[in-house]
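Novice: Build the 3D model from these lines:
(2 chains)
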2 protein chains.
Amino acid sequence: MVGTVALDTVRTPFGMAEETLGGSAVYASVAASLFASVGLVGVVGRDFPKQHIDFLRSKGVDLAGLETLDGDTFRWKGYYEYDMNQAHTEDTLLNVLSRFDPRLPPEYRDVKYVFLANTDPEIQMRVYEQISKPRLVMMDTMNFWIENKKDALSRMIEKVDVILTNDAEARQFFDTPSLVKAGKLFLEMGPKAVIIKKGEHGALLFTDGQCFSAPAYPLENLADPTGAGDSFAGGFIGWLARTNDVSARNMRKAVIFGSTIASYNAEDFSLDRLKIITRDDVYNRYMAFQDIASF
Amino acid sequence: MVGTVALDTVRTPFGMAEETLGGSAVYASVAASLFASVGLVGVVGRDFPKQHIDFLRSKGVDLAGLETLDGDTFRWKGYYEYDMNQAHTEDTLLNVLSRFDPRLPPEYRDVKYVFLANTDPEIQMRVYEQISKPRLVMMDTMNFWIENKKDALSRMIEKVDVILTNDAEARQFFDTPSLVKAGKLFLEMGPKAVIIKKGEHGALLFTDGQCFSAPAYPLENLADPTGAGDSFAGGFIGWLARTNDVSARNMRKAVIFGSTIASYNAEDFSLDRLKIITRDDVYNRYMAFQDIASF
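Specialist: Alright, predicted model coming up:
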């Protein structure tokens, strides 16, 4: 899992959390650790609390790829209003992240399942070029790169097996209101699968000639949606790695497992909920999901 | 079906339609007519084109409850941007609708399935009081009545069997971001079922102790979402009337049938798509829906 390691300060209608553990690589790694062994590639500053290192290790997350640089850890500060699909950023301090040039430890180079979380597509490409013969590479991105580095981003999308975006980004990339059209156009670029996340509204999965519309898991107690997309991604790729099955049928299951873990994650701030759930919890909610979605 | 009959002028990113047939009672009636015999209760002005009357009759919609008053027909003018979940109103001319005081024809008073489309809850109540022993009454509403007539609206919700709102309205009514909480609180007010529509993102159905999360039907060619909620409602209640089965299990199917018809409706302007689809088309897309939603 290649991405950010952050200290987040978040306010939602249900409370706030200051300087808590966050970042795309962290959410994705902890989610995936429910299913598979995980290595995290990222960067932190000298101020990064040791308790977070200990926590990641306790989840079996390998930290050989976590660099520590002089300076402070990346910080994000933001808030959510009642419509929690939309994060409002108040402050971003890149700090050591501005010098992030991920180098994979030698033992990671033949890894089979890779998630390149949202970052500069040129950095994603440099990571990609360090991997030999992966079974599946998935990438995420965001509006900033669509606006500012669309060519580099396109070259990256052409390489990966799974492209993950949210609904607004998919519409923006192809300048179309139709998510189905956007999904098909992404497939034409090269990926074997396209996942369009719709926040609390579920997700769409496009594979060759097929579309899967995954419903949302209806949550009663939503506390903090931070990390939903990354814990979804971690759960998704973790399930594929666990089963070592990248068929369209198994990807549908992986989408539901990803949504399941993301739904747990939103029930508390930071990774507080992911910290305590077990694989049995995930299987139980998967089964509840089947009941909620059947007709 | 009690509601508005309108002449709509609509712009979307895909074109525009001027002075076309619209209105909640029209969309709901035509949708329901795919499954059951329907009577429409509404009002038009002297300017209402005879071709629309002929069309409704051709669909088997009974018009004994359609009053014609001196003056012009209700008109709505609006547009949609790329996020077509949000209608932007440019102009509303109530015209004869301001004098709408629905009186049911005597032969409608023992009707078994009733849809009270969005309107002043005091008018909904006056209609409700004219019906004896219905099997199922469903109502819709909107933010305007939540803000301005919440007491009257609450009294009406206490009476009906099914309350239909969209996600923003449900949150607004109970001042909560949680749709699950809102669904449960609506159930506590009296209805046996609560449907929260999420536009292109599907719908939630709450019944005693159960929640059904219906996915969206992913549309490639979306032209005009006007009438989506009302054609959903018509398809839903039409299916219940056809099967005369108001169990929670059958309501789940009815939600998918409603979504199916609403998805057809959005493929063209006004009722142009609903005009030509058949019950077989609906069954075929229902089956495609099952495939799209299975995991």
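Novice: Count the neighbours of A:Arg109 for me.
Specialist: Residues near A:Arg109, counting by other Cβ atoms under 10 Å in any protein chain shown, number 12. Yep, even glycine has a C-beta here, placed from its N, CA and C like the rest.
Novice: That one: what's it in contact with?
Specialist: Contact analysis of A:Arg109 by Cβ atoms under 8 Å, 6 or more residues apart in numbering or on different chains lists A:130-132.
Novice: And for A:Pro105?
Specialist: A:Pro105 makes contacts with A:39, A:64-65, as judged by Cβ under 8 Å, 6+ apart.
Novice: Who are the contact partners of the residue most central in space within chain A?
Specialist: In chain A, the residue lying closest to the centroid (Cα atoms, centre = their mean) is A:Asp230, at 2.2 Å. Shown in contact with A:Asp230 (Cβ under 8 Å, 6+ apart): A:3, A:24-28, A:31, A:117, A:140.
Novice: Let's see that with 10 Å instead.
Specialist: Going by Cβ atoms under 10 Å, 6 or more residues apart in numbering or on different chains, A:Asp230 touches A:1, A:3-4, A:22-32, A:115, A:117-118, A:140, A:164, A:262, A:265.
Novice: Quick check: chain neighbours aside, which residue is closest to it?
Specialist: Closest residue in space to A:Asp230, ignoring its immediate chain neighbours: A:Tyr27 at 3.7 Å, by Cβ to Cβ, 6 or more residues apart in numbering or on different chains.
Novice: count of residues packed around the one you found?
Specialist: For A:Tyr27, the count of nearby residues is 32 (other Cβ under 10 Å).
Novice: ok so it is a helix residue?
Specialist: Yes. Membership of A:Tyr27 in a helix is supported by DSSP: H, G, I helix; E, B strand; the rest coil.
Novice: Pretty sure it sits against A:Gly3.
Specialist: Yes. Judged on Cβ atoms under 10 Å, A:Tyr27 makes contact with A:Gly3 at a distance of 8.5 Å.
Novice: between those two, what contacts are shared?
Specialist: With Cβ under 10 Å, 6+ apart, A:Tyr27 and A:Gly3 have common neighbours A:117, A:230, A:233-234.
Novice: Adding pLDDT and distance to A:Ser154 as columns, could you present those in JSON lines?
Specialist: Shown next, in JSON lines, are the shared contacts of A:Tyr27 and A:Gly3 (pLDDT from 0 to 100; distance: Cβ to Cβ, whole Å):
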{"residue": "A:Ala117", "pLDDT": "96", "distance to A:Ser154": "18"}
{"residue": "A:Asp230", "pLDDT": "97", "distance to A:Ser154": "23"}
{"residue": "A:Ala233", "pLDDT": "98", "distance to A:Ser154": "20"}
{"residue": "A:Gly234", "pLDDT": "98", "distance to A:Ser154": "25"}
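Novice: Go through those and flag which are in helices.
Specialist: Counted as lying in helices by DSSP state H, out of those, are A:230, A:233-234.
Novice: Enumerate every residue touching the spatially most distant residue from the centre of chain A.
Specialist: Distance from the centre of chain A peaks at A:Phe295, with 29.8 Å (Cα atoms, centre = their mean). Shown in contact with A:Phe295 (Cβ under 10 Å, 6+ apart): B:205, B:212, B:214-215, B:249-257, B:286, B:289-290, B:293.
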